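*Asks:* I'll drop the sequence and a predicted model, then ask my questions.
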Amino acid sequence: MAARIDPTVRRRRLGTEFRRLRQGSGLKSIEVAERLMVSQPKISHLENGRRTVSPRDVRDLCAIYGVTDEQVIGSLMQMARESGQRGWWHAYGDIPQSVYIALETDTTSLHTYEPMAIPGLLQTLAYAQAVIGETIPLLTAEEAGTRLKVRLRRQHRIYDPAYTLRLWVVLEESALRRVVDSPDVMREQVEHLDKPSDVQQYGVLYGRLQAHSLDPDSSRDFITDVSKTYIDAASRP
C-alpha cells in the first residue's frame with residue numbers, strides 16, 4: 001500500500017458518498033437495509049466510516065441508488081478496496097490517536113499552533129524520547145519505544161517527495177525556552193528547526209496569530225539566539 005493511501009479516510013469518504021447517494025434517492029437507511037436483507041446498523045456504520053465496504057456492497061448499493069455510470073462505480077470500487085487495507089501504524093499494535101494519524105497521513109496541508117512544545121512532526125529523536133518519558137507516566141520501556149517509533153515514522157510524511165505535506169507551524173516562545181531533558185537536547189532540537197525551508201513556515205500566519213508572530217528573518221534570528229543560550233548552558237560546570 002502506498003504510504004499516502006489511508007484506509008480510515010477512505011472509509012469515511014466512501015461512507016459520505018453513499019450517504020449522499022441514499023439521500024438523493026429519497027430512501028431511508030432502514031429501507032436500504034431491508035432491500036439488502038441486512039441490519040439497519042450496518043448501513044449506519046457504513047455511512048459513518050466505521051465499517052469496511054466490500055466490492056459487492058458497492059455494486060449492491062449502486063444498484064439500489066440507481067448509479068449506472070461505470071466511472072463513478074469504478075471510483076467507489078477503488079475506495080472500497082483501499083478501505084480494506086491497513087495503515088502503516090497498525091504494525092505497531094493498538095496505539096493512541098490512530099484516527100488522527102490516519103487523517104495526518106492522508107492530508108496535503110496541516111496547520112498547527114503549539115504553545116508548550118515542539119510539534120511531533122518536527123521533534124528530534126532525543127527530544128521526542130524525553131517528551132514521551134516525561135509526559136506519559138507508567139509506560140513500560142517497550143510501550144515508550146513503540147510510541148517513539150510511531151512518532152518518528154510519522155515524520156516520513158514531511159519528506160515524501162511524491163506526496164509532500166505542507167506544514168504550517170506557529171510556535172510560542174515558551175516552546176523553545178522550556179528545557180526538555182537537557183540544554184544539549186534543546187540545542188539539537190532548536191538547530192533542527194533553523195533552516196530556511198523550515199523557518200519560512202513561521203512567517204505564514206493564520207487567524208489572530210498572524211498579528212503576533214515573527215517574520216521568517218526574525219524567526220531565524222530568534223531561534224539562533226535561543227540555540228546559543230543552550231550552548232552556553234551546556235558548557236557551564
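*Replies:* Cool, the structure landed.
*Asks:* measure the spatially closest residue to Ile101 that is not a sequence neighbour to Val53 for me?
*Replies:* Leaving out its chain neighbours, the residue that sits closest to Ile101 by C-beta to C-beta, 6 or more residues apart in numbering is Trp89, at 5.3 Å. To be clear about C-beta, it is placed using only N, CA and C from the backbone, and glycine gets the same treatment. Here Trp89 is placed at a distance of 21 Å from Val53 (C-beta to C-beta, to the nearest Å).
*Asks:* neighbour-wise, which of those two wins?
*Replies:* Val53 (24 against 20; other C-beta atoms under 10 Å).
*Asks:* so which helix or strand takes in that one?
*Replies:* Assigned by DSSP states H and E, Val53 falls within no helix or strand.
*Asks:* And the pLDDT at it?
*Replies:* In this model, Val53 is scored at 84, pLDDT.
*Asks:* Leaving out chain neighbours, which residue sits closest to it?
*Replies:* What sits nearest to Val53 in space, not counting adjacent residues and going by C-beta to C-beta, 6+ apart, is Ala80, at 4.5 Å.
*Asks:* For the helix or strand hosting that neighbour, which helices and strands make contact with it?
*Replies:* In this structure, Ala80 sits in helix 70-83 according to DSSP H and E. Applying 3 or more C-beta pairs under 8 Å, 6 or more residues apart in numbering; DSSP states H and E, one finds that helix 70-83 contacts helix 7-25, helix 55-65.
*Asks:* Next, the angle from the longest one to helix 55-65.
*Replies:* I take that to be helix 7-25. 20 degrees (axes from the mean of the first three to the mean of the last three C-alpha atoms, to 10 degrees).
*Asks:* Please compute how far helix 7-25 lies from its chain's middle.
*Replies:* 21 Å (C-alpha atoms, centre = their mean, to the nearest Å).
*Asks:* From Gln155, how far off is the residue most central in space within the chain?
*Replies:* Nearest to the geometric centre of the chain sits Glu104, at 1.8 Å (C-alpha atoms, centre = their mean). With distances taken as C-beta to C-beta, Glu104 is found 11 Å from Gln155.
*Asks:* for Arg13, same thing?
*Replies:* Distance from Arg13 to Gln155, by C-beta to C-beta: 25 Å.
*Asks:* ok, which stretches of the chain are strands?
*Replies:* 109-114, 166-171 (DSSP state E).
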